[in-house]
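A.B. asks: got a sequence here, can you build the structure:
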Amino acid sequence: MFRPLEEEKVFKDPVHHAVYVQDDTIWKLINTPEFQRLRRIRQLGTTYLTFHGAEHSRFSHSLGVYEITRKIINQFERNRYKDWPQEEKLVSLCASLLHDVGHGPFSHAIEHVFRTDHEKWTCDIILGDTAIHRVLKEVDEDFPRRVADVIRKTYDKPIVVSLVSSQMDADRMDYLLRDAYFTGVNYGSFDLDRILRVLRPHQGTIVVKESGMHAVEAYLMARYQMYWQVYFHPVTRSSDILLRQIFRRAGELYRDGYRFGFLLPQLRQLFEGALTVADYLSLDDSTVQTAFGQWIREDDPLLADLCRRFLNRCLYKYITLESCDSSFIDELKREWARIGLDPEYHLEMDTPVDLPYDVYKPGTGTGGKDKPPILLLDEKDGIAEISGRSEIIRSIAGLHQGKYYIYYPQEELLKRASVLRRETRELFHL
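C.D. replies: Predicted coordinates:
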């Protein structure tokens, strides 16, 4: 049930100019401690070490996703499209606002190490003993479950899920524009207003009016360029590797009984796999960086060095290879061990295809999570998947630029250059 505020609230926003809050439930959700915590979670994880302006937060992104969803629904209601279920407005807006509330410090990097899932944490927060849960229950007893079902993509109205999670959802549209703005690049720019005007509810899903195909082409091209120029940037991958290695090393030490000079209680719980929702919510970028600042003084030289590198941006260098197999990596590891480097920490093979982002593929996203394709609606109400009509999109969907990157501590390798095999020195340009 939509409960209008007595006075509309407005957030100034660099991407959308303004974010309008008109409902009491939305306003209360924004002011919960769990949502305010998103101010302390960077949207792009370690990308600020590559693009120095990328300091924007999950808070601002979440407001942006809410605003785009609000605009889409308003357009549906203004035009009185019969296929839009008006009673789903509030659940759509709440799910859009809360879709990232379960993100941990540095976003996806920690998920990789500890095999956690931010969507599961989001649902745990929505359904747990939290201020967010209490606000949602004010709507009705079952409302928190409905919002969680949208996040889980199990909601019984696919059109609502499509607003938050599809190949062209409010989430993607906001983060492309916002990430482009704060990284200072032009790749992510596209005509949002035009796209919003050509979206239509149709037979339980969201489609695009055929005349808007070129605007969607520009959106998908922007998305493609952002992935390869920003999200897959090899320097950012280097900082992600250091972050993962810090937590991997700290976890190993903890399991081996090492006595830390400094260990936050919630990190202890993380290492034990026993995080509660309250513990998880007390973790943010600042608490993790505080731990890193203290771990520089730890007796374990590897952990101390990794933390120093991360905080002072002494990142691993990399070489690029067109192909790489396990036997080649095994051979390099043996050489690293021979010259006194740790092959488990001073050598990392990486390829961007394992990132949580996905480029457009007709009918499906990467990682096994199916995403509804982008559908065009013609003048006779006929439906066609967009890549069947667009040569540009077929080209983007078929491209693959993934290369292999070998990351290593350059200064440590330089110290040992004289004892390296000649072919290794040539490979690493020493």
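A.B. asks: alpha carbons only: can I get stretch 217-233 in CSV?
C.D. replies: Taking C-alpha atoms only, stretch 217-233 is exported to CSV below (Å, rounded to 0.1, in the frame of the first residue of the first chain):
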residue,chain,number,x,y,z
GLU,A,217,22.2,-0.6,-29.2
ALA,A,218,23.9,2.5,-27.7
TYR,A,219,23.2,1.2,-24.2
LEU,A,220,24.6,-2.2,-24.9
MET,A,221,27.7,-0.7,-26.6
ALA,A,222,28.2,1.5,-23.6
ARG,A,223,27.9,-1.6,-21.4
TYR,A,224,30.4,-3.6,-23.5
GLN,A,225,32.9,-0.7,-23.4
MET,A,226,32.6,-0.2,-19.6
TYR,A,227,33.3,-3.9,-19.0
TRP,A,228,36.5,-4.0,-21.0
GLN,A,229,37.8,-0.5,-20.2
VAL,A,230,36.7,-0.2,-16.5
TYR,A,231,35.4,-3.3,-14.8
PHE,A,232,37.9,-5.7,-16.4
HIS,A,233,40.8,-3.2,-16.1
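A.B. asks: now it: average pLDDT?
C.D. replies: Confidence for stretch 217-233, expressed as mean pLDDT, is 91.
A.B. asks: which parts of that stretch are buried?
C.D. replies: 217-227, 230-233 (16 or more other Cβ atoms under 10 Å). For every residue, glycine as well, the C-beta is placed using N, CA and C.
A.B. asks: mind listing what's buried in the worst-scoring helix or strand of the chain on mean pLDDT?
C.D. replies: Here the helix or strand of the chain ranked lowest by mean pLDDT, DSSP states H and E is helix 108-114, holding a mean of 73. Using 16+ other Cβ under 10 Å as the test for burial, helix 108-114 gives His108, Ala109, Ile110, Glu111, His112, Val113.
A.B. asks: what is the neighbour count of Ile386?
C.D. replies: Neighbour count of Ile386, defined by other Cβ atoms under 10 Å: 25.
A.B. asks: my read is that it contacts Ile374, right?
C.D. replies: Yes. Here Ile386 reaches Ile374: they are 4.4 Å apart, a contact under Cβ atoms under 8 Å.
A.B. asks: what do these two both touch?
C.D. replies: Common contact partners of Ile386 and Ile374 (Cβ atoms under 8 Å, 6 or more residues apart in numbering): Val208, Val216.
A.B. asks: report the mean per-residue pLDDT for stretch 297-315.
C.D. replies: Rounded mean pLDDT across stretch 297-315 is 98.
A.B. asks: and if you look at stretch 130-138?
C.D. replies: 98.
A.B. asks: so where's the stretch 301-430 of the chain shaky on pLDDT?
C.D. replies: 352-359, 361-370, 398-402 (pLDDT under 70).
A.B. asks: where do the strands of it begin and end?
C.D. replies: With strands called from DSSP state E, counting those that start in this stretch, the stretch 301-430 of the chain shows them at 317-321, 348-350, 375-377, 383-385, 404-408.
A.B. asks: give the other helices and strands that the fourth one contacts.
C.D. replies: Okay, so that is strand 383-385. On a contact count with 3 or more Cβ pairs under 8 Å, 6 or more residues apart in numbering; DSSP states H and E, strand 383-385 meets strand 375-377.
A.B. asks: 10 Å instead, please
C.D. replies: strand 205-209, strand 375-377 (3 or more Cβ pairs under 10 Å, 6 or more residues apart in numbering; DSSP states H and E).
A.B. asks: which residues are in contact with that strand?
C.D. replies: Contacts to strand 383-385, defined as Cβ atoms under 10 Å, 6 or more residues apart in numbering, come from residues 202-203, 205, 207, 210, 213, 362-363, 372-378, 390, 393.
A.B. asks: is it possible to get a markdown table of the strands of the stretch 301-430 of the chain that adds mean neighbour count and distance to Leu267?
C.D. replies: Below are the strands of the stretch 301-430 of the chain laid out as a markdown table (neighbours: other Cβ atoms under 10 Å; distance: least, Cβ to Cβ, whole Å):
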| stretch | mean neighbour count | distance to Leu267 |
| --- | --- | --- |
| strand 317-321 | 14 | 29 |
| strand 348-350 | 18 | 23 |
| strand 375-377 | 20 | 46 |
| strand 383-385 | 14 | 46 |
| strand 404-408 | 20 | 25 |
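A.B. asks: list the beta-bridge partners for the residue lying closest to Asp381 once chain neighbours are set aside.
C.D. replies: The shortest distance from Asp381 to any non-neighbouring residue, by Cβ to Cβ, 6 or more residues apart in numbering, is to His202 (7.7 Å). Under the criterion DSSP bridges, His202 forms beta bridges with Thr205.
A.B. asks: you'd agree His202 is up against Pro158?
C.D. replies: No. Between His202 and Pro158 there is no contact under Cβ atoms under 10 Å: 11.6 Å.
A.B. asks: okay, these two: which has more neighbours?
C.D. replies: Neighbours were counted for His202 and for Pro158 using other Cβ under 10 Å; His202 has more, 18 against 13.
A.B. asks: now for that one: which residues touch it?
C.D. replies: Here His202 is in contact with Tyr81, Asp83, Trp84, Ile159, Val208, Lys209, Leu375, Leu377, Asp381, Ile383 (Cβ under 10 Å, 6+ apart).
A.B. asks: any idea how far it lies from Gly382?
C.D. replies: Using Cβ to Cβ, to the nearest Å, one obtains 11 Å as the distance from His202 to Gly382.
A.B. asks: check His233 too.
C.D. replies: 41 Å.
A.B. asks: now swap in Thr69 and tell me
C.D. replies: 27 Å.
A.B. asks: compare these two and say which is more crowded by neighbours.
C.D. replies: The neighbour comparison of Thr69 against Gly382 (other Cβ under 10 Å) goes to Thr69, with 26 against 9.
A.B. asks: could you tell me how far that one is located from Phe76?
C.D. replies: 11 Å.
A.B. asks: which neighbours do these two share?
C.D. replies: Lys89.
A.B. asks: hang on, the earlier thing: and the contacts of His202, which is closest to Ser96?
C.D. replies: For the contacts of His202, the minimum distance to Ser96 (Cβ to Cβ) is 13.3 Å, reached by Ile159.
A.B. asks: tell me the secondary structure for that closest one?
C.D. replies: Following DSSP: H, G, I helix; E, B strand; the rest coil, Ile159 is assigned to helix.
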